[in-house]
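Asker: fold the following.
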Amino acid sequence: MDEPVRIEEMQLGDIDQVLVIERRSYPTPWSRRAFVSELTENAYAHYLVARMGQRVVGYIGMWYVIDEGHITNVAVHPDARGKGVGRQLMRAEMDLARMQGGVRVTLEVRVTNTVAQNLYTSLGFQKVGIRRGYYTDNGEDAYIMVWGEMPGEGRH
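Answerer: Okay, here's the model as predicted:
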């Protein structure tokens, strides 16, 4: 039986395990330096990991600015996919944005990544636009997805 998943703040000591997931998940993975910079230099960044025992099985990053969260990256180790880890990570960041007064969370997703799109849609995200040629590895387009108030709606 699988161990329960715990969602915790990402620490510098988690980066080795995060990089394994990053490399297994993305054709152009972030570098160690990028993660170190996010954790130590970016005041807007908030990163979480999902643990099963001592093993990091997923992670998520969000930049939170004014009243909006922007998901920078989210990935789950291939061995842990399909077990709700990505959903738990997304909900944790969405909850954080809401608790800080956020009115929306945005992200980009490859137009071919229907698994991720289905997860985001099930969490209440809506496709609101497209970024042409967004992914530098192959020029693939990205959907822009938003959860919460749509840009320009404002509070009434």
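
Asker: show me what the longest strand along the chain is packed up against.
Answerer: Residue-count comparison of every strand in the chain, with assignments taken from DSSP state E, identifies strand 55-65 as the longest. Helices and strands touching strand 55-65, by 3 or more CB pairs under 8 Å, 6 or more residues apart in numbering; DSSP states H and E, are helix 15-25, strand 45-52, strand 68-76, helix 85-99. C-beta here means a position set from N, CA and C on the backbone, and glycine is covered the same way.

Asker: mind listing what's buried along that strand?
Answerer: With burial defined by 16 or more other CB atoms under 10 Å, the residues of strand 55-65 counted as buried are Val56, Val57, Gly58, Tyr59, Ile60, Gly61, Met62, Trp63, Tyr64.

Asker: again with stretch 34-47
Answerer: Of the residues in stretch 34-47, those buried by neighbour count under the rule 16+ other CB under 10 Å are Ala34, Phe35, Glu38, Leu39, Ala45, His46, Tyr47.

Asker: my guess is the third one meets Leu48, correct?
Answerer: No. Using CB atoms under 8 Å as the test, Glu38 is too far from Leu48 to be in contact (11.9 Å).
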